[in-house]
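Q: next comes the sequence, and after it the predicted model I'd like to discuss.
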Amino acid sequence: MKKSGVELQHEAGRARAEGHLSADVLLDANVLLEVELTEKHAEACKALLRIVERGELRAVIMDFHVDTIVVIMERYGAGWEEISRFLA
């Protein structure tokens, strides 16, 4: 059964209170790549990242997703300097 956003927020809050979760959301590589590659959902992804930047939502990204971003950006011709600035 699919859970509502309110139910998921409640579960995240409970898990955080119990010390099981240090973030509200896990960001997928696609959120960042949408922005960098100016894809269809870039504006929505920017809005999400601004919420994270303001501290209204805590987010994490896994090492695997960082590796994915690096590989894809390299395929699009980005150099290490551009990639490191983007990930900073």
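A: Here it is on my side, so go on. Numbering: from 1, shown residues only.
Q: what about this structure, any weak spots by pLDDT?
A: 1-21 (pLDDT under 70).
Q: which residue lies nearest the spatial centre of it?
A: For the chain, the residue nearest the mean C-alpha position is residue 27 (2.7 Å; Cα atoms, centre = their mean).
Q: I figured it hits residue 59, correct?
A: Yes: with contacts counted by Cβ atoms under 8 Å, residue 27 reaches residue 59, the gap being 5.0 Å. Using the backbone N, CA and C atoms, a C-beta is placed for each residue, glycine as well.
Q: overlap in contacts of these two?
A: Residues touching both residue 27 and residue 59 by Cβ atoms under 8 Å, 6 or more residues apart in numbering: residue 52.
Q: that older thread, how about the residue nearest to the centre of the chain, what does it touch?
A: By Cβ under 8 Å, 6+ apart, residue 27 lies in contact with 52, 59, 60, 61, 65.
Q: report the beta-bridge partners for it.
A: Per DSSP bridges, residues listed as beta-bridge partners of residue 27: residue 61.
Q: now it: how far from residue 64?
A: From residue 27 across to residue 64, the span is 12 Å (Cβ to Cβ, to the nearest Å).
Q: and if you look at residue 47?
A: For residue 47 relative to residue 64 (Cβ to Cβ), the value is 24 Å.
Q: how about the helix or strand hosting residue 86: buried residues?
A: Taking DSSP states H and E as the definition, residue 86 sits inside helix 80-87. Within helix 80-87, the residues that count as buried by 16 or more other Cβ atoms under 10 Å are residue 83.
Q: identify the residue nearest residue 73 in space, chain neighbours excluded?
A: In space, and not counting its chain neighbours, residue 73 is closest to residue 83: 5.0 Å by Cβ to Cβ, 6 or more residues apart in numbering.
Q: residues contacting that neighbour?
A: Taking Cβ under 8 Å, 6+ apart, we find residue 83 in contact with 69, 70, 73, 74.
Q: burial measure for residue 78, as a count.
A: With neighbours defined by other Cβ atoms under 10 Å, the count for residue 78 comes to 18.
Q: what does residue 33 give?
A: Neighbour tally, residue 33, other Cβ under 10 Å: 19.
Q: quick one, helices of this protein?
A: Using DSSP state H, the helices found in the chain span residues 5-17, 29-36, 42-53, 63-75, 80-87.
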